[in-house]
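In: what's the 3D shape of this:
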Amino acid sequence: MSLGPDDSLTIGEISRRTGVPHSALHYYESLGLISSHRTAGNQRRYARHMVRRISLLVVAKRLSIPLADVQVAFQPLPHEERPSTADWRRVSTRWKQILQERRRQIERLEHELNGCIGCGCLSMKSCFLLNPQDALGEQGPGPQRV
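Out: All right, here's what the predicted structure looks like:
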């Protein structure tokens, strides 16, 4: 049987297609990242366009992108109808912004690992010059400059 773009998939079919376990699909649905509908027999069905959303969730997980960031990126996407090219373009733009911010944070951390991260201290000599009398300690526990 050949499926068309508007045909629904059972939870087993979508799980096999995406490699995502049923429990994870339920969890993503509880977060509003994906959605399904129920048949007259109370069976869960997913629109085929959910495969793309789930695939992006898999990629995000591999890259350790928090689900909260994925939720922000997915906000412009409709659940009940197949997203348009313009919808995906908005998601792509938002996703790029999130990735660029993560890249900046990682680059800053990489730079700070070679110097003072105030305080998690790499050099008592540098710490004495950059953080006299442990002034950064008054800002709270943990590294303050990262």
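In: Determine the set of other helices and strands touching the longest helix belonging to the chain.
Out: Scanning the chain for the helix with the most residues, using DSSP state H, yields helix 85-113. With contacts taken as 3 or more CB pairs under 8 Å, 6 or more residues apart in numbering; DSSP states H and E, helix 85-113 sits against helix 67-74. Bear in mind the C-beta positions are built from the backbone N, C-alpha and C, glycine included.
In: again, only this time at 10 Å
Out: If you count contacts as 3 or more CB pairs under 10 Å, 6 or more residues apart in numbering; DSSP states H and E, helix 85-113 packs onto helix 50-62, helix 67-74.
In: Show me what counts as buried in the shortest one.
Out: The neighbour-count check on helix 67-74 (16 or more other CB atoms under 10 Å) flags 69, 70, 73, 74 as buried.
In: angle of the longest helix of the chain against helix 50-62?
Out: 0 degrees (axes from the mean of the first three to the mean of the last three CA atoms, to 10 degrees).
In: Could you give the average pLDDT over helix 85-113?
Out: Averaged over helix 85-113, pLDDT sits at 86.
In: the inter-axis angle of it versus helix 67-74?
Out: 140 degrees.
In: quick one: low-confidence parts of this structure?
Out: For the chain, residues meeting the criterion pLDDT under 70 lie at 1-6, 112-133, 136-137, 141-146.
In: The helices and strands packed on helix 85-113: which one's closest to residue 24?
Out: helix 50-62 (8.3 Å; CB to CB).
In: centre of the chain versus that closest one, how much separation?
Out: Taking CA atoms, centre = their mean, to the nearest Å, the mean C-alpha location of helix 50-62 is offset from the chain mean by 9 Å.
In: Would you indicate which residues of it are buried?
Out: Across helix 50-62, burial judged by 16+ other CB under 10 Å covers 50, 51, 53, 54, 56, 57, 60.
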